[in-house]
Structure formats: C-alpha cells, structure tokens
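# Quick one, what's the 3D model for this:
(2 chains)
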Amino acid sequence: MREETKKALRRLFSNASGVLGIVLLGFFVVVALCAPFLAPPKPGRDPYFMPVVTWSADPLPPSWEHPFGVAGKRDIFYGVVWGTRTAFRIGILVTLASTAIGLLVGSLAGYFGRILDEVLMRVTDIFMAIPFLVAAMVLTTILGTGLDKVMIALVVFSWMYPARLIRGNILQVKEEQFVLAAKSLGVSDLVVILRHVLPNAIFPVLIQASMRMGSLVITAAALSFLGLGAPQGYADWGALLNYARNWMLGGYGATFKYWYMIAFPGGAMVLFVLAWNLLGDALRDAFDPRLRW
Amino acid sequence: MIFYILRRLLFLPVTLFGISLLLFLMIGLLGPYQRLATFINSPERLKGVDVDKLVELYGLNDPLIVQYGRWLKNVLQGNLGWSYVGKEPVLSAILKRFPYTLELALFAAIPIIFLGTSLGVLAALHHNKPLDHGLRIFAVVGWSFPDFVFGLFVLMLFYGTLGWFPPGNLSVWAEEIVKSPYFRSFTGMLTLDALLNGRFDVFLDALRHLAGPVLTLTYVEFAFLLRITRSSMLEVLRKEYVRTARAKGLDERVVIHKHAKRNALIPVATVSGQTIIGLLAGTVIVETIFNRTGLGSFIALAATQLDYASIMGGTLFFGLILVIGNLCVDLSYAFIDPRVRLE
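Sure, this is the predicted structure:
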C-alpha cells in the first residue's frame, strides 16, 4: 500500500462522522446477511415477498408478534429486514453498472477528445436534461414491473455522472509528464488509459459512487412508493411506505396512531442513506483534502 | 461571450431534438399492440374490431423513424395527443397544471435560499465550533431524508395531528370561488390570482395548502446550499483582501457583511438557480403525497395509469423547462461575476 493511501485511511478512521457511517453500514450489512434468521421466511416461498399475515386491510400497531406492526396485511419488520437486501442489491448493482459505463464513455471522450468528445458529451447532456426521477419513472413504466426493470432504468439514467467526472479528470491527467512520457515511449493508447490515466483518476469516482448510492436507493424506493417498480408485496422500503400513504390522508385527528407505518421503514431508509452520505463525505475529506467542507 | 451564447443557443434545439428522440425510442420499446392498447380504455370497445386493422390505420407497424417523424410533426404543431388522466388534450392539461408547480417551486425557493445561505454563513463564522457541527449534522440528516419519508411525517404531524396544513391545492369553499365566473385567472398561480382578485381569504387558504409541501422541500433541499455557502465563505475568509480589511481596523461586521459575504455568495447564486430548476422536478413526489394538482403529480399519475401520451408530453415539457432554465442560469452567472469568461 502506498504511503499516501495509508495516510488517507488513517484520516478516514479518525473522522467521527466517517466512523459513524461505517458502523451504520456494518449494521445494515449484518441485518442483510442475517435476514433468514431475523425474519425467517416460510419454507418454499420466495423470501423476497412479504407474506400476508392478516386478512384485515387495517394496519396493526406493534405487538409482540409483529414488533414493527402490520401494514397492507404484511409484517413491517419482515419487510424492513428483507428490504435491506433489496436496498443493497439495487445500490451496489446500479452503481457498479453505471460506473462501468461511465468509465468507458468518460475515458473515450476525455482521452480521444475532438469530435468523439463533442458527440459523447452532447449525448450526456441529453440524458441529463430529463430529471432523474422522471426519466427513471418513464422507462420503468415502459419496461414493466420488476426489480430488474427498475435497475435497468436507473443505470440508463445515471451513467452520465461518472462519465463527466472521469472525462474531466482525464483531461487533467492527460497533460501530466508521466502520461506524455509513456506515450512518447510508444505505449499503446489502451495501456496508457488503463495503467496510467485511470488509476490517477479513480478516487474521485469512488467518492462520487458512494455519495450517489444514497440517491439511487432513494429514487428506487420513490418508484416503489409511487406504485411503479417492485411488484406487489415485494420486500422494499418504498413499497412499505406506499401502504402508509392513504392512511395519512385519512383526516384530521386520525393519523398519528399509524406512526409506525412511516417510522420503521422511513427510519431504515434515512439511516441507510445517511450512512452512505457520511461515508462519502469522509472519503472525500480523507482522499481529497482540497474539497474539504 | 457572444460566441458562447450563440453556441449555447445553437445547441438548444439539438438537445431538445435529442430529448424527443430519446423519449420516442423508449416508447418504441413497446410493441405496436401494446401501444395500441394505450388508446383503448375498456375491453368493450374492442368488440367486433379488427385489431390488426387498427394497428395498420394508426401506422403503428411502420418503421420507427417514420413514426417518429409523424409524431414530431404533431408535437411541433402543439398536438401532444389526448390525455386520459387529464380528460383533455395533453398540452392544455400541462399548461393548466404547470403554474401550480411553478408556484410551489418558487415558494419553496424562498426559505431554501434564505436558510441555506444564512445558516451557511453562520456555520462558516463558527468554523469547527459546536454550532458549526450542529448545523452540519442537521443538514446532512435533512439531505439524507427522502422527500416522501419527510413529506409523510409532515402530513402526519401538521395535518393529521395538528390540523394546520391540509393536503390539496385549496379548500372546497375556496375552490368554488376560484371556479366561479367572478374570479379571473391571470397567471394560473393561485396565490397571485387571489391577490389580483382582491380575495385575501383565498390567498391565505392557498398559502395554508402550500405550507406542508414547502416545509418538506425546504428541509430536504436546503442542505446542499448550506454546504456550498459554508465552504465558499470559509475560502473567502482566508483571502488576502479580508485580512487587509481587518488589518485596516475595519469593524468585523463590515468585514464580514461587505467584504466576505458578498464575494462568498457569487458561487451560491448559480447553485440557487440550479436548485430552483431542480425543485420543479422535485415536485413529482411532494405533489403526489400532498394530493396536489400539478405537473409533477400529473406525470406520476400518468405513469401509474400507463397514459403514454401524457407521460411523453409531460416529460418533454419538463426537459424543455430544464434546458432553458439551465441556459439562463449559466448566462446570468457571467453577468453576476465579471471575472467569469465563458468559453
């Protein structure tokens, strides 16, 4: 490990909010891994679908049997626990895929420049011109329900952010002495990009990916909240909050008793997003002190 | 400068054309029969109808490029199709709803910009002191709150429990006044129209209905502005001219308000512009939660009802507003900060 990286890691672990972020994330990882023990699924059923536990449409307050209460005939605790897996799956897969596409497009545009750069950047502009949530909503509607469709829609409209970042970094690194030296030694373009340019531009991308994780999970949950995306009964925090929506419009004086319908899935979401934001912030402080806030 | 403006103006239609193509390609993922299904709202209407003939009639089997040309021609003539969700032509449905959304975004922008900048300056002045840390925590938590979670909380607390801020755009009695022939619609924005009509009671009612969504948008969105202001202010406070001002023996308040703050707020101005534009898109969720009529809830409803004409029209309109808005922000930046030379 390079001395600089070590120093940065030390800075990361001496940052209180960064440590809080890591601890929170660790907690969610444990919940996701232990889901089958925390909320055992019925044998033979797809564990990602929340089982129906009551026949009445009325929500039930937390009890010994259902520690977080019941919403939409389903156990909220079960949904929150298995929803952790859903959140991780969406966040990680979408971030990986969009970062990969972004790396490709950004490197091509930044390294080769000229017309290719101009064309790719105009395409990026077009994809960014539609608001992220609206764009994802439209594509999900067209592709149909299913978590995979949501993820495709999110990838299609989020690769531009890493692409722009990488392009900017490459434009900077491209003129550095060591890249020019490698080029003049006759090293091929591909090797120059992979061995010399990308490693020097990768940290900002990782930081941005961590910061974006939160907004991706929020958007995916927002789609489920609107009733798009995840199929009926799928363990997803946004879908759980959707059950709460109609009860909150119930009228004056009638809503506070349903607090648990928002508090538990909502709390899980806030903490999850907070964890990624804190981590992203701390990573930036540690690896790129210039951007410190 | 002029070259830059010309270039941006030249690319404007290109971007808009690109957005329309992108949208059309997405819709093109649906097969001709699926797209036909969006024209039919009940199975009865299909009785005794030759579906293949309908597909032929509407040209749904033609090459996509031909269909795109036909659609684009219609769009350019202002014909965006019929909206099932709005029960009227898409364009008039959009134009009727957009003022509500714009009104919400403008009202939300006031506290966001005010709180974001003033708290940001405050945090910078108390750099690394408890107040600074407290504000940072408050901001990062707000930033992590999904708007629908916070919106549901606001609804539960301020409507369900306290009864202060009801959902919707207006109360029933106010709605009757607005719909009556004596109430003239000037802008389509309820608060402004109410004032212009001299109906102060309607104005207050509209304001009461705006409060919940505005509160939600404010807490969720102001964090970013606070961040930008804080770091910009910290940077300026380290500048030579601030030190010079202090060395001259100027009053600390003058140094901060006249020398530091004015310069620190330059980058904040751009971000504020972008925030307002972003707010327009942020209304999709908030309007849906608070049961408000507006462009955001219109698109959300169209998406759940698979009303493709409304989805396309609404999204295209959003894209148009965003592209033009961003252009205005970029250009105004050059006027605010004479050091900026746009290339």
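
# give the contact list for residue B:284.
Going by C-beta atoms under 8 Å, 6 or more residues apart in numbering or on different chains, residue B:284 touches A:131, A:133, A:134, A:137, B:296, B:297, B:299, B:300. C-beta: built from backbone N, CA, C; applies to glycine.

# Could you look up the SS state of the last one?
Right, residue B:300. At residue B:300 the chain is in helix, as set by DSSP: H, G, I helix; E, B strand; the rest coil.

# For it, which non-adjacent residue is spatially closest?
With sequence-adjacent residues excluded and distances taken as C-beta to C-beta, 6 or more residues apart in numbering or on different chains, residue B:300 is closest to residue B:288, at 4.9 Å.

# and the one you found, what is it in contact with?
Counting by C-beta under 8 Å, 6+ apart, residue B:288 touches A:226, B:296, B:297, B:300, B:301.

# And for residue A:109?
Contacts of residue A:109 by C-beta under 8 Å, 6+ apart are A:116, A:117, A:120, A:121, A:163, A:167.

# so it is in which element?
helix A:76-112 (DSSP states H and E).

# buried stuff in the following helix or strand past that helix?
The helix or strand immediately downstream of helix A:76-112 is helix A:114-129, counting by DSSP H and E. Within helix A:114-129, the residues that qualify as buried by neighbour count (16 or more other C-beta atoms under 10 Å in any protein chain shown) are A:117, A:120, A:121, A:123, A:124, A:125, A:126, A:127, A:128, A:129.

# Kindly calculate the angle that helix A:114-129 makes with helix A:76-112.
With axes from the mean of the first three to the mean of the last three C-alpha atoms, to 10 degrees defining the directions, helix A:114-129 sits at 160 degrees from helix A:76-112.

# Helices of the stretch 201-343 of chain B, residue ranges please.
For the stretch 201-343 of chain B, the helices defined by DSSP state H, counting those that start in this stretch occupy B:240-247, B:252-254, B:261-289, B:295-304, B:308-336.

# Chain A too?
Using DSSP state H, the helices of chain A run over residues A:3-13, A:16-33, A:35-38, A:76-112, A:114-129, A:132-143, A:147-156, A:160-174, A:177-184, A:189-191, A:202-225, A:237-248, A:259-287.

# Columns mean pLDDT on top of these, output as TSV?
TSV is the format used below for these (pLDDT from 0 to 100):
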stretch	mean pLDDT
helix A:3-13	73
helix A:16-33	89
helix A:35-38	81
helix A:76-112	90
helix A:114-129	89
helix A:132-143	89
helix A:147-156	92
helix A:160-174	85
helix A:177-184	82
helix A:189-191	79
helix A:202-225	86
helix A:237-248	83
helix A:259-287	86
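
# what's the burial count for residue B:329?
Neighbours of residue B:329 under the rule other C-beta atoms under 10 Å in any protein chain shown: 18.

# same thing with residue B:53?
For residue B:53, the count of nearby residues is 9 (other C-beta under 10 Å).

# what's the neighbour count on residue B:278?
18.

# Which positions in the stretch 201-343 of chain B make contact with chain A?
B:227, B:230-231, B:234, B:278, B:280-282, B:284-285, B:288-289, B:291, B:299-300, B:303-304, B:306, B:311, B:314-315, B:318-319, B:322-323 (C-beta under 8 Å from any C-beta of the partner chain).

# Buried ones only from those, please, as a PyMOL command.
The PyMOL selection below is limited to those of these classed as buried (16+ other C-beta under 10 Å):
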select buried, chain B and resi 227+230+231+234+278+280+281+282+284+285+288+289+291+299+300+303+306+311+314+315+318+319+322+323
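
# which parts of the stretch 51-200 of chain A sit against chain B?
The stretch 51-200 of chain A comes close to chain B at residues A:122-123, A:125-127, A:129-135, A:137-143, as judged by C-beta under 8 Å from any C-beta.

# let's go with 6 Å and repeat that
With C-beta under 6 Å from any C-beta of the partner chain as the criterion, the stretch 51-200 of chain A comes near chain B at residues A:125, A:126, A:129, A:130, A:131, A:133, A:134, A:137, A:138, A:139, A:141, A:142.

# out of everything not next to it in sequence, what's closest to the second one?
What sits nearest to residue A:126 in space, not counting adjacent residues and going by C-beta to C-beta, 6+ apart, is residue B:18, at 3.6 Å.

# From what I see, the one you found and residue A:125 are in contact.
No - if you go by C-beta atoms under 6 Å, residue B:18 and residue A:125 don't touch, sitting 7.7 Å apart.

# And the strands in chain B?
With DSSP state E, the ranges of strands along chain B come out as B:82-83, B:88-89.

# ok, the closest residue to residue B:225 other than its chain neighbours to residue B:221 distance?
Leaving aside its sequence neighbours, residue B:225 sits nearest to residue B:116 (C-beta to C-beta, 6+ apart; 2.7 Å). According to C-beta to C-beta, to the nearest Å, residue B:116 and residue B:221 sit 8 Å apart.

# cool, and residue A:146?
31 Å.

# List the buried residues for stretch A:131-145?
A:131-143, A:145.

# Contacts for it next, please.
Stretch A:131-145 is contacted from outside by A:149-150, A:153-154, A:157, A:219, A:223, A:228-229, A:231, B:26, B:29, B:281, B:284, B:303, B:311, B:315, B:318, using C-beta atoms under 6 Å, 6 or more residues apart in numbering or on different chains.

# Looking at the buried residues of helix A:114-129, which one is closest to residue A:49?
Closest approach to residue A:49 among these (C-beta to C-beta): residue A:127, at 33.1 Å.

# The closest residue to residue B:235 other than its chain neighbours: what's it in contact with?
Of all residues not flanking residue B:235 in the chain, residue B:264 sits nearest, at 7.5 Å (C-beta to C-beta, 6+ apart). For residue B:264, the contact set (C-beta under 6 Å, 6+ apart) comprises B:232, B:233, B:236.
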